[in-house]
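> need coordinates for the following:
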Amino acid sequence: MRRLSRMAGLFFIAANAAKAGENVTVARSGWFSDEACASGRVNGGAIGPTNRDCAQKCLAKGARMVFIDEKARTLYFVENPGAAKGQESHYVQVTGMLDATSKTLRVASVKVLETYKATCQVPK
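Numbers count the residues shown, from 1 in each chain. Below you'll find the model as predicted:
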C-alpha cells in the first residue's frame with residue numbers, strides 16, 4: 001500500500017511539474033505599457049496605467065511591450081506587441097496564452113473596458 005501511495009505521489013509531482021512550463025489560456029484585466037515605465041511602478045506597488053504618450057514614445061523607440069496584470073500585480077512581456085498596438089494605457093481585458101515561467105503573454109484578443117484618461121495635466 002505504501003508503494004502504491006508513493007507512486008501516486010510521484011505521478012502527481014511529475015504531472016504538475018510538466019504543467020509549470022506549459023502555456024495556459026487566460027483572460028486577464030490590466031493595461032499595456034512599455035517595460036521601462038511599468039516595471040518601476042509595479043515594483044513600487046503602483047498597479048495601474050502608465051502615461052499613454054510616454055509609453056507610446058518608448059515603444060516606438062524599441063522598448064519592450066508589457067502587460068500589467070491587475071490581479072496578479074505583475075508584468076508579463078508581450079510576445080506579439082502588434083496585437084495590442086494602440087491599446088497602451090487603456091484598461092483592457094486580454095485573452096491569450098500565458099507562460100508563467102518565462103513571464104510572457106501571447107495576445108489573442110483585446111477588449112477595451114475603459115479608455116485612458118490622463119490624471120494630470122501639463123501646464124501650457
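
> all contacts plus neighbour counts: C-alpha atoms, from now on.
OK.

> what's across from residue 111 in the sheet?
Under the criterion DSSP bridges, residue 111 forms beta bridges with residue 93.

> surely it is in contact with residue 96?
No: the pair residue 111 and residue 96 does not pass the contact test of C-alpha atoms under 8 Å, sitting 11.9 Å apart.

> who has more neighbours, the two?
Set side by side, residue 111 and residue 96 give different neighbour counts by other C-alpha atoms under 10 Å, the larger being at residue 96 (17 against 14).

> correct me, but the more buried one touches residue 26?
Yes: the pair residue 96 / residue 26 is scored as a contact, 5.6 Å apart, by C-alpha under 8 Å.

> what lies in contact with stretch 36-44?
Among residues not part of stretch 36-44, those counted as contacts by C-alpha atoms under 8 Å, 6 or more residues apart in numbering are 47, 50, 54, 55, 63, 66, 68, 73, 74, 75.

> show the average pLDDT along it.
Taken as a whole, stretch 36-44 has an average pLDDT of 93.

> now do that stretch: distance to the chain's middle.
Taking the mean C-alpha point of stretch 36-44 and that of its whole chain, the gap between them comes to 13 Å (C-alpha atoms, centre = their mean, to the nearest Å).

> using PDB, list the CA coordinates for it.
Below are the C-alpha coordinates for stretch 36-44, written out as PDB (Å, rounded to 0.1, in the frame of the first residue of the first chain):
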ATOM      1  CA  ALA A  36      10.700  51.000 -18.500                       C
ATOM      2  CA  CYS A  37       7.600  52.900 -17.400                       C
ATOM      3  CA  ALA A  38       5.800  49.900 -16.000                       C
ATOM      4  CA  SER A  39       8.500  48.000 -14.100                       C
ATOM      5  CA  GLY A  40       9.400  50.700 -11.600                       C
ATOM      6  CA  ARG A  41       5.700  51.400 -10.900                       C
ATOM      7  CA  VAL A  42       4.700  47.800 -10.400                       C
ATOM      8  CA  ASN A  43       7.800  47.100  -8.300                       C
ATOM      9  CA  GLY A  44       6.800  50.000  -6.100                       C
END
